[in-house]
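K.L.:
Here's my sequence, what's the structure:
(2 chains)
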Amino acid sequence: DGGITQSPKYLFRKEGQNVTLSCEQNLNHDAMYWYRQDPGQGLRLIYYSQIVNDFQKGDIAEGYSVSREKKESFPLTVTSAQKNPTAFYLCASSRTGGAGGYTFGSGTRLTVV
Amino acid sequence: SQQGEEDPQALSIQEGENATMNCSYKTSINNLQWYRQNSGRGLVHLILIRSNEREKHSGRLRVTLDTSKKSSSLLITASRAADTASYFCALFGNEKLTFGTGTRLTIIP
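P.N.:
Numbering: from 1, shown residues only, chains lettered A, B, ... in the order given. Predicted structure coming up:
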C-alpha cells in the first residue's frame, strides 16, 4: 500500500546536537512538506519542496535544513541553531501544486534532553 | 501568513448528536480543506471545498463555504465515539496549505 513513512517515531536529542528526521513516500507525489506542531496548537510550515532538487522556506525555517535529492525522500535536519526544537514533526506529500489535499505521515516526536 | 481560526476551541457532545465547528479566515483562497487528527497521530484529509463551491457532502460530513463572509463550517452528523479527535481547517493558496489551531471534539458515550 502507498503511504508516507516517518522515522523514528520518538527521538531524543542532547542540546547542541543536530538530528535528522526521515520522511519517505511511495505515492509518486511531486511535492513534500514539513510541519511542526506544538502542544495544543496547529501546524506551522517549516520547508516545502515542489520538485526534486528544489525547496522553499516556510514560515519557521530558521534552525532547520532540508534536502530533496530523490522524489521519494525529504529529510529534515534540526540543527543546534533551533532554540526550541522539542515538538511533534509531521511530513506530508501531495500531487503537483498540492491543491488536491495532503497525505500525512504518522509523525516524529522530538525531545531535547 | 494566512491562517484559519476555528471555533469553538473545544466541543463535547453526547454520542448520536451532531457536531458543528467553524472556520473563519481573512485572505482569498483557492480551496479550503478539513483534516482530522487523533491524539499523537498524523492528520487525515477529510474533505475539500473549492472557492466556487458552497456545500459538499461526504458520508456523515457536510461542509459549507461562504466566501463573502470568509467562513466555513464542518458538520458531523450522528456522532460516534470514534469521531473523538482534533479537527483542523486548512487554507490552500500560494502553493501552500496553512492550518488553523483546531477544534478538539470529544464524543461522550
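K.L.:
doesn't B:Asn31 make contact with B:Tyr25?
P.N.:
No. Using Cβ atoms under 8 Å, B:Tyr25 is not in contact with B:Asn31, being 11.7 Å away. In this view, the C-beta of every residue, glycine as well, is placed from N, C-alpha and C.
K.L.:
residue boundaries of the strands in the chain?
P.N.:
As the question left the chain open, I've gone with chain A. Here chain A has its strands, by DSSP state E, at A:4-7, A:10-13, A:19-25, A:31-37, A:43-51, A:54-57, A:64-66, A:76-78, A:87-94, A:103-104, A:108-112.
K.L.:
that's the wrong chain, I wanted chain B
P.N.:
Under DSSP E, chain B gives strands at B:5-7, B:10-14, B:19-24, B:31-37, B:43-50, B:55-58, B:61-66, B:71-76, B:85-93, B:96-99, B:103-108.
K.L.:
helices or strands next to the last one in the packing?
P.N.:
Based on contacts counted as 3 or more Cβ pairs under 8 Å, 6 or more residues apart in numbering or on different chains; DSSP states H and E, the elements that strand B:103-108 packs against are strand B:10-14, strand B:19-24, strand B:85-93.
K.L.:
Next: the shortest one.
P.N.:
Strand B:5-7 is packed against strand B:19-24, strand B:85-93, with contacts defined by 3+ Cβ pairs under 8 Å, 6+ apart.
K.L.:
Return the most buried member of those.
P.N.:
Mean neighbours per residue, mean count of other Cβ atoms under 10 Å in any protein chain shown, is largest over these for strand B:85-93, with a mean of 24.
K.L.:
and it, how far out from the chain's middle?
P.N.:
Distance of strand B:85-93 from its chain centroid, counting by Cα atoms, centre = their mean, to the nearest Å, is 6 Å.
K.L.:
Tell me what the nearest residue to B:Ile13 once chain neighbours are set aside is bridged to.
P.N.:
Counting by Cβ to Cβ, 6 or more residues apart in numbering or on different chains, B:Ala19 is the residue found nearest to B:Ile13 once chain neighbours are left out, at 5.5 Å. Applying DSSP bridges to B:Ala19 gives these bridge partners: B:Ile76.
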